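Undergrad: I need the structure of the sequence given here:
(chains A, B, C and D, ligands or ions: 4)
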Amino acid sequence: MKKSSTSVQELPGAAADRPVPPPAWQPRTDPAPLLPDPAPYRALGTDAVAAADPGLLLRLYGELVRGRRYNAQATALTKQGRLAVYPSSTGQEACEVAAALVLREQDWLFPSYRDTLAAVARGLDPVQALTLLRGDWHTGYDPYEHRIAPLSTPLATQLPHAVGLAHAARLKGDDVVALAMVGDGGTSEGDFHEALNFAAVWQAPVVFLVQNNGFAISVPLAKQTAAPSLAHKAVGYGMPGRLVDGNDALAVYTVLRDAFTRAVRGEGPTLIEAVTYRIEAHTNADDATRYRSGGEVETWRAHDPIRLLEHELTERGILDEDGVREAAEAAETMAARLRDRMNAEPVLDPMDLFTHVYADQTSQLREQAEQLRAELAAAAGEGPGEVR
Amino acid sequence: MKKSSTSVQELPGAAADRPVPPPAWQPRTDPAPLLPDPAPYRALGTDAVAAADPGLLLRLYGELVRGRRYNAQATALTKQGRLAVYPSSTGQEACEVAAALVLREQDWLFPSYRDTLAAVARGLDPVQALTLLRGDWHTGYDPYEHRIAPLSTPLATQLPHAVGLAHAARLKGDDVVALAMVGDGGTSEGDFHEALNFAAVWQAPVVFLVQNNGFAISVPLAKQTAAPSLAHKAVGYGMPGRLVDGNDALAVYTVLRDAFTRAVRGEGPTLIEAVTYRIEAHTNADDATRYRSGGEVETWRAHDPIRLLEHELTERGILDEDGVREAAEAAETMAARLRDRMNAEPVLDPMDLFTHVYADQTSQLREQAEQLRAELAAAAGEGPGEVR
Amino acid sequence: MTTVAVKPATMAQALQRALRDAMAEDPSVHVLGEDVGTLGGVFRITDGLAAEFGDDRCTDTPLAEAGILGTAVGMAMYGLRPVVEMQFDAFAYPSFEQLISHVAKMRNRTRGAMPLPITVRVPYGGGIGGVEHHSDSSEAYYMATPGLHVVTPATVDDAYGLLRAAIASDDPVVFLEPKRLYWSKASWSPDDPAPVEPIGRAVVRRRGNSATLITYGPSLPVCLEAAEAARAEGWDLEVVDLRSLVPFDDATVADSVRRTGRAVVVHESTGFGGPGGEIAARVTERCFHHLEAPVLRVAGFDIPYPPPMLERHHLPGVDRVLDAVARLQWEAES
Amino acid sequence: MTTVAVKPATMAQALQRALRDAMAEDPSVHVLGEDVGTLGGVFRITDGLAAEFGDDRCTDTPLAEAGILGTAVGMAMYGLRPVVEMQFDAFAYPSFEQLISHVAKMRNRTRGAMPLPITVRVPYGGGIGGVEHHSDSSEAYYMATPGLHVVTPATVDDAYGLLRAAIASDDPVVFLEPKRLYWSKASWSPDDPAPVEPIGRAVVRRRGNSATLITYGPSLPVCLEAAEAARAEGWDLEVVDLRSLVPFDDATVADSVRRTGRAVVVHESTGFGGPGGEIAARVTERCFHHLEAPVLRVAGFDIPYPPPMLERHHLPGVDRVLDAVARLQWEAES
Ligand SMILES: Cc1ncc(C[n+]2csc(CCOP(=O)(O)OP(=O)(O)O)c2C)c(N)n1
Ligand SMILES: Cc1ncc(C[n+]2csc(CCOP(=O)(O)OP(=O)(O)O)c2C)c(N)n1
Ligand SMILES: [Mg+2]
Ligand SMILES: [Mg+2]
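TA: Ligands and ions are numbered 1, 2, ... in the order given. Just a heads-up that it's a prediction; the model follows:
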């Protein structure tokens, strides 16, 4: 019998040969360690608190309090018309703050539109963080200054960016981890899938933090996925999935830190699902009463991330009344400053519209810039007045 | 203390209240039954053969032999310039044939460009199946006649179509299952992710059959995914994942049939990974020696789906020499007919270019059709000759 | 003759009513998209549909635009008439491959055997203070894709009529809803809507002799206002509302320009590579010897859509339209 | 003066060499895409790069175009210069959201702080007997997206020079490679390539006085052939090769048309909503009083790209170009 045959004519008679089994199959990765634990990890109320650095716990607390106040202030500014829109992270501060604090200086944050707090907790000026939402420009900061990518509005599109950046850093031999944030709704987008797959294939030092806050605008998680948990998606990419109580700041921090450790060690990406809740409406423009009950919100309010941590730290004597008051005062100071600065009119130059489209302005844009300049001059000549 | 408070100022003092745990978390689905078995399911060489309907086994065998011959014939026609391109499914016939045979009359097949054989095994005229690849039109058949969607070239894009169709049928109360075929490479596309997620959320009666043939053109599976297996992706959507030896026709048929049973019962979608191998190059235009060794191909040739089944059936006395010869002859007859028909020049009408763009031709297309008609008339008047 | 209560309605209400009436008349009409169910859509265009027709007829999908349009293709293959809502213009981009490679091509691919009667509703354009990605004018992409109809209403009446026509069409229709006209009002009776006109007819919204303003969607009110203002300068402008970009109503447009001898195309989309080039070119091809001046274009600048606080500088306004009219070489005439 | 061995090279070889030279000169240049590594790409444009520079510099990615472009964005953020290969025109569509919403906008979004020097190579156009989705001319989509450069070579020299310029550009460039010219040959010395010209300059490929053919990429050879054929009819045609659709070289084009007084735009992309509308409109705006006839367009029909056996009827050929030239109202002159 011929050795290699593709034509069926040669097959009769081949039956005498016993066909061999296929090349031995084995899973490319052991799936067991990739699967998330059956329930979200909690640290508060466990021995993990005693083992934790009290300094870290107090920092988390301080930032949570400041973060809550920041959310309240930004919401208030929106009501006063100072912001075009504000997607609050009230109730999700533990995730936002833990994400910021776990980052080392050289690491990168990839926030979504809801994650201005994480950027602020990383050290970004809140006014700069809010530029997009105030509407004076798209991004209010130089991403390289604090290594914070621009807030991403198209859902999940920032995830491949994080993977690419982490991959590039690794290729360059730099010790950099990228932390990419996304919502439960965002996990349904193709970009989520493609990003996680690239990350796992490339073993890129990237950590994906999904804030499962129960809703994508009005759509509850049950209409978003039938998965056991979002963390279970990890196994399909060959990376570990971790499930954590997103309102337990120490737990989120710990799980993130473990994922960072893996990333730094060259062990590749991790997917973390933080189970939390969006206490406010989607944005100020949304009416959450149309799609969810006040009762559900109350249940989650009772599991408030600040109260959880404050209670724990107070009980353990790590935090006292002075500490609580000081944190509140620091938050008030931040809020007052933010209010004042946001109440000042931003200085705008319409000619900026043409400045950064390309490195070198095209002749077409030069013409258009001239046109606008002439219009503005004419309007100014006519005295105060809008360009109609 | 106020009942609902979002402002942090009210939080100090709240520490006295013990915060409550979050609303009890439980997985939305039990992950355990969703996970694939640790090794691909095999039926041949096991008791499953004895339990199987001999008629089915012989049908599978006959179609495999015919399918191999079909692949060889189409490849030969391509070498003779009769097809623009041919992506052969040689070596993958067990998947193609089992997919076709598991379908009931009312079910739908969603093939990719490589799956003409599945369409032919379902009953489609091979000449019609090859129209796209011959190049006389995009789709050579009425999809409603055999309930076969047009061959899909953009990878994974046919998967959401299958989900939508299955969902629509279910909404209408019709007992219809959609079988969607895709390659290992296609699983990396966002459309794969979105389709599986929609299917699981909607519990649509759809079965996803991934033919993992080891390569996406030149890219081996190891560069495509780090997952334990492609079937493991299922758990991330909350559907069962099944792993099967893709060269074992009975095994593929059985796993598909089980998935169909689930779908018909309203239990939702299933993801099946069939582990197989692309024996030929990607298409006739490809040179596989650039990226893989002949040795690997030989290993897989030895695990040939036809030989596997033939050996088994012969050993068990279900198939005898006459049966083997008859199958080969039937395949030859089919091939001869196909060859003859494909050697005839297709009759083409260039005016078709304008006929089906819209239900009602736009005035613009009417003008353009007139232009071409005039050009053709002028060229015809000039005697035989090309439109330059 | 019975009198019908006619009261002011918004474009949003007329669109909602068109969906409702279409669903009531034809059980194969299904609405799907993000937040279209319980919430009624972020612009409330699908308000009440899930309550009236059930979740299976008006479905909150998972958050994935390619998946939404891709499953709509499958639903249409099975005989349904899906009406897809894209939440904002820029969020339709993930569905482009499905749109270009399947929705636009399926009828042609199958020689007419498999038409896809899908309506893709896309709220588009700016002027509502939206942040990045919420104000794109993406019509150029759709226009350049044979197999699609591209339709956009500018009035409350047309919002109803064109959406009904789109849903009734056996071809896929990209239905562009000018966001900033959602709350524009007109006397309109939901119980006695104007008869549904076929897709593909432009309409002269204002008669005039001096020059033709060719426009559509969000720029129609700007053009009408400009035409009023132009009277002071002695120009009597004609205003054509295209309503349908594909198919394009060459006859109505060319008739007008042949009469007036001058034309300005006005739209909010960027100028370069935007719809205005096509329109100006085809008008010129058809009316060259009637033209006293080149067809001019007033469009958004060739820049990414600006942030809210700067968008008014980008949007073509009355002054820019009048400036263009002034450049139509009137000297030549005198 | 040293003599350099000049021998015929194909456009494919010149492109390959441009990648190789760019990678050798600048370690931040990374190539990524489907099958670009071991295989060298389905058109062999990346042949040998992985072997020479390693898998990390020339990477076979998973099969996901949005993922490829999206990760390229991240790589560019970190200072690399990714060169992405899309396998065929229609397979770039899944990456549109990344292209439109990020690649084109990142520099502007960040006030110049975060430029994205990404080159997206897209083999485009037909004429190679490709089945569905393998022959699209998708330049209209890219042209309508501010923030992108859109470049396409038509000669072996330009293939090298423009690709080098694209990779060197600090802005994102969509680099459209005319598939059917991949195997076109010219004398070209890889060791002494012509100096790299900046992006944005059109070039007059043939001088003439009767009329201007404005074209680019795959249609340049058609136009040059038509110009030769036109001599028999007494027409001396000028041929302008745009090379860059964005930025557009208004000066070169308008100079030519002002001189000749007549113009035909020729491209393979569909006519309606295609590049020709923009080009004709802007030429007319600038040259109106020099025009003896409207600027005409010869383009692909407004249909999905035909199957291989019918594509020759769709593609603008010499006869169609000559027919259009004949319609440039020559009577008016005599
Ligand atoms: C690609 C895309 N589609 C749609 C939207 C509109 N949109 C903005 S936020 C949102 C819901 C997001 O939900 P989730 O991902 O859970 O994040 P959350 O808002 O809860 O933080 C939607 C649909 C968008 N921004 N991008
Ligand atoms: C969206 C898209 N991207 C790229 C291609 C080009 N292409 C055709 S086949 C192929 C490989 C597919 O591999 P796989 O999914 O494993 O299927 P197989 O060819 O092995 O059957 C590629 C990249 C395509 N057809 N569609
Ligand atoms: Mg959410
Ligand atoms: Mg494969």
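
Undergrad: now do the contacts for the residue in chain A that ligand 3 sits nearest to.
TA: Minimum separation of chain A from ligand 3 (C-beta to the ion) falls at A:Gly183, amounting to 3.7 Å. (Glycine included, C-beta is placed from N, CA and C.) Neighbouring residues of A:Gly183 by C-beta atoms under 8 Å, 6 or more residues apart in numbering or on different chains: A:112, A:114, A:155, A:210-213, A:216.

Undergrad: mind checking how far it is from ligand 4?
TA: 33 Å (C-beta to the ion, to the nearest Å).

Undergrad: same check, this time on C:Gly217
TA: With C-beta to the ion as the criterion, C:Gly217 and ligand 4 are 45 Å apart.

Undergrad: ramachandran coordinates for residue 136?
TA: You didn't say which chain, so I picked chain A. When read as degrees, to the nearest 10, the backbone of A:Asp136 gives phi -90, psi -30.

Undergrad: that one: what's it in contact with?
TA: Here A:Asp136 is in contact with A:346, A:348, C:307, C:309-310 (C-beta under 8 Å, 6+ apart).

Undergrad: if you skip the residues just before and after it, what's nearest to it?
TA: Leaving aside its chain neighbours, A:Asp136 sits nearest to A:Pro346 (4.1 Å; criterion: C-beta to C-beta, 6 or more residues apart in numbering or on different chains).

Undergrad: A helix includes the one you found, no?
TA: No: read with DSSP: H, G, I helix; E, B strand; the rest coil, A:Pro346 is coil and lies in no helix.

Undergrad: give me the number of residues near it?
TA: 15 (other C-beta atoms under 10 Å in any protein chain shown).

Undergrad: okay, it and chain D: tell me how far apart.
TA: 13 Å (C-beta to the nearest C-beta, to the nearest Å).

Undergrad: give me the phi and psi angles of that residue.
TA: phi -70, psi 150.

Undergrad: now do the contacts for it.
TA: A:134, A:136, C:309.

Undergrad: export these to CSV and append columns for pLDDT and distance to ligand 2.
TA: As requested, the contacts of A:Pro346 are exported to CSV (pLDDT from 0 to 100; distance: C-beta to the nearest ligand atom, whole Å):
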residue, pLDDT, distance to ligand 2
A:Arg134, 97, 39
A:Asp136, 96, 39
C:Met309, 97, 39
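
Undergrad: what's the first helix or strand after the helix-or-strand element of chain A with minimal mean pLDDT?
TA: None of the helices or strands of chain A scores lower by mean pLDDT, DSSP states H and E than helix A:294-301, at a mean of 92. For helix A:294-301, the following helix or strand on the C-terminal side (DSSP states H and E) is helix A:305-315.

Undergrad: anything in the helix or strand in which A:Ala222 is found sitting right up against chain C?
TA: Using DSSP H and E, A:Ala222 maps to helix A:221-224. Yes: contact of helix A:221-224 with chain C (C-beta under 8 Å from any C-beta of the partner chain) involves A:223-224.

Undergrad: sorry, back to before: packing partners of the least confident helix or strand of chain A?
TA: Contact here means 3 or more C-beta pairs under 8 Å, 6 or more residues apart in numbering or on different chains; DSSP states H and E; on that basis helix A:294-301 packs against no helix or strand.

Undergrad: mind jotting down where the strands sit in the stretch 101-250 of chain A?
TA: A:108-110, A:178-183, A:206-212, A:215-216, A:219-220, A:241-245 (DSSP state E, counting those that start in this stretch).

Undergrad: my error: substitute the stretch 251-388 of chain A in the last question.
TA: Under DSSP E, counting those that start in this stretch, the stretch 251-388 of chain A gives strands at A:270-275.

Undergrad: now chain C
TA: Listed in chain order, the strands of chain C (DSSP state E) span C:7-10, C:29-33, C:58-60, C:81-85, C:119-124, C:149-151, C:173-178, C:185-188, C:203-206, C:211-215, C:237-241, C:244-246, C:263-270, C:296-300.

Undergrad: tell me which residues of the first one are tucked away?
TA: Under the neighbour-count criterion of 16 or more other C-beta atoms under 10 Å in any protein chain shown, strand C:7-10 has C:9-10 buried.

Undergrad: which elements pack onto that strand?
TA: Packed next to strand C:7-10, using 3+ C-beta pairs under 8 Å, 6+ apart, are strand C:185-188.

Undergrad: partners of the strand it packs on in the sheet?
TA: strand C:7-10 (antiparallel) (DSSP bridges).

Undergrad: contacts for the strand it pairs with, please.
TA: Outside strand C:7-10, the residues that reach it (C-beta under 8 Å, 6+ apart) are C:17, C:156, C:182-190.

Undergrad: could you dump the residues you listed to a markdown table with pLDDT and neighbour count?
TA: Formatted as a markdown table, the contacts of strand C:7-10 follow (pLDDT from 0 to 100; neighbours: other C-beta atoms under 10 Å in any protein chain shown):
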| residue | pLDDT | neighbour count |
| --- | --- | --- |
| C:Arg17 | 97 | 20 |
| C:Val156 | 96 | 24 |
| C:Tyr182 | 98 | 19 |
| C:Trp183 | 97 | 12 |
| C:Ser184 | 94 | 19 |
| C:Lys185 | 92 | 15 |
| C:Ala186 | 92 | 15 |
| C:Ser187 | 89 | 10 |
| C:Trp188 | 88 | 22 |
| C:Ser189 | 84 | 13 |
| C:Pro190 | 81 | 18 |
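
Undergrad: perfect, that will be all.
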